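**Student:** kindly return the folded structure for what I paste below:
(chains A and B)
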Amino acid sequence: AQKVTQAQTEISVVEKEDVTLDCVYETRDTTYYLFWYKQPPSGELVFLIRRNSFDEQNEISGRYSWNFQKSTSSFNFTITASQVVDSAVYFCALSEEVETSGSRLTFGEGTQLTVNP
Amino acid sequence: ETGVTQSPTHLIKTRGQQVTLRCSSQSGHNTVSWYQQALGQGPQFIFQYYREEENGRGNFPPRFSGLQFPNYSSELNVNALELDDSALYLCASSIQGLEQFFGPGTRLTVL
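**Tutor:** Got it, this is the predicted structure:
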């Protein structure tokens, strides 16, 4: 069975600090996909990134960066120079590849990030 | 391009009632997935529809059912509502299930 663990329930930082959100996953599949979503207070889940299990290159997008390490089953997310607008709940998710068109996302419990001015 | 929309935004029901939630998928997307998110938790997969057929189901009882229409919009029906059904219900659309884009959700309160 698939499982995603986000050990950090809440993180509070001061604006401009760097912050890393941890994600550890479990799966028996050799082909899978990892995701990060942001959920602001409005409730809508905003897609941030998708990585497949064969691509371990780290990725940077503006102030966001992701570190995928298959050896430790981790997919961590770093926000550089955090801003108040980054305050939200962040979810890590795992999707298995299926032969039909379907796939389901298994989410972690989320990390509530609060950035204080 | 219109994103995923859901209706209604909020809903209050009493135990034992039935409810129907609606979702319009993003243009060009043929797959719709439904998730339940209880307060303070991550979303839980309910089921997925592809080309009007159920294509995968999570650990939810049969009183949770759904439909997908030819235009790829979808409904989630819940019968015999229980207090624990109070949650945010999220719909996500995708092209064949891979990159899922979520709607704003319907917040259901069961009294």
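
**Student:** and chain A, which residues reach chain B?
**Tutor:** A:4, A:33, A:37, A:42-47, A:50, A:91, A:93, A:95, A:98, A:100-110 (CB under 8 Å from any CB of the partner chain). C-beta coordinates here come from the backbone N, C-alpha and C atoms, glycine included.

**Student:** give me phi/psi at the closest residue to chain B within chain A?
**Tutor:** Of all residues in chain A, the one sitting closest to chain B is A:Phe107 (3.5 Å; CB to the nearest CB). Main-chain torsions, A:Phe107, degrees, to the nearest 10: phi -100, psi 150.

**Student:** confidence score at the closest residue to it other than its chain neighbours?
**Tutor:** Take A:Phe107 and drop its neighbours on the chain: the residue closest to it by CB to CB, 6 or more residues apart in numbering or on different chains is B:Gly42, 3.5 Å away. Per-residue pLDDT puts B:Gly42 at 96.

**Student:** ok, and the closest non-adjacent residue to the residue most central in space within chain B?
**Tutor:** For chain B, the residue sitting closest to the mean C-alpha position, by CA atoms, centre = their mean, is B:Trp34 at 3.5 Å. Excluding the flanking residues, the one nearest B:Trp34 by CB to CB, 6+ apart is B:Ile46, at 4.2 Å.

**Student:** before we move on, which element is that neighbour in?
**Tutor:** strand B:44-50 (DSSP states H and E).

**Student:** mind giving me the packing neighbours of that strand?
**Tutor:** strand A:105-107, strand B:31-37, strand B:53-57, strand B:64-68 (3 or more CB pairs under 8 Å, 6 or more residues apart in numbering or on different chains; DSSP states H and E).

**Student:** contacting residues for the residue of chain A closest to chain B?
**Tutor:** Listed by CB atoms under 8 Å, 6 or more residues apart in numbering or on different chains, the contact partners of A:Phe107 are A:Val4, A:Tyr37, A:Phe91, A:Cys92, A:Ala93, B:Gly42, B:Pro43, B:Gln44.

**Student:** which of those sits closest to A:Gln57?
**Tutor:** A:Cys92 (17.9 Å; CB to CB).

**Student:** neighbours around that closest one, how many?
**Tutor:** 28 (other CB atoms under 10 Å in any protein chain shown).

**Student:** that one: what's it in contact with?
**Tutor:** Applying CB under 8 Å, 6+ apart, the residues near A:Cys92 are A:Val4, A:Gln6, A:Leu21, A:Cys23, A:Tyr25, A:Leu34, A:Phe35, A:Trp36, A:Phe75, A:Phe77, A:Phe107, A:Gly108.

**Student:** filter those residues down to the ones in strands?
**Tutor:** A:Val4, A:Leu21, A:Tyr25, A:Leu34, A:Phe35, A:Trp36, A:Phe75, A:Phe77, A:Phe107 (DSSP state E).

**Student:** make a ChimeraX selection of the buried ones in those.
**Tutor:** In ChimeraX, a selection of the buried entries from the ones in strands among the contacts of A:Cys92 looks like this (16 or more other CB atoms under 10 Å in any protein chain shown):
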select /A:4,21,25,34,35,36,75,77,107
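
**Student:** among the ones in strands among the contacts of A:Cys92, which one sits closest to B:Gln100?
**Tutor:** Nearest to B:Gln100 among the ones in strands among the contacts of A:Cys92, with distances taken as CB to CB, is A:Phe35, at 8.3 Å.

**Student:** since that was my last question, I'll sign off now.
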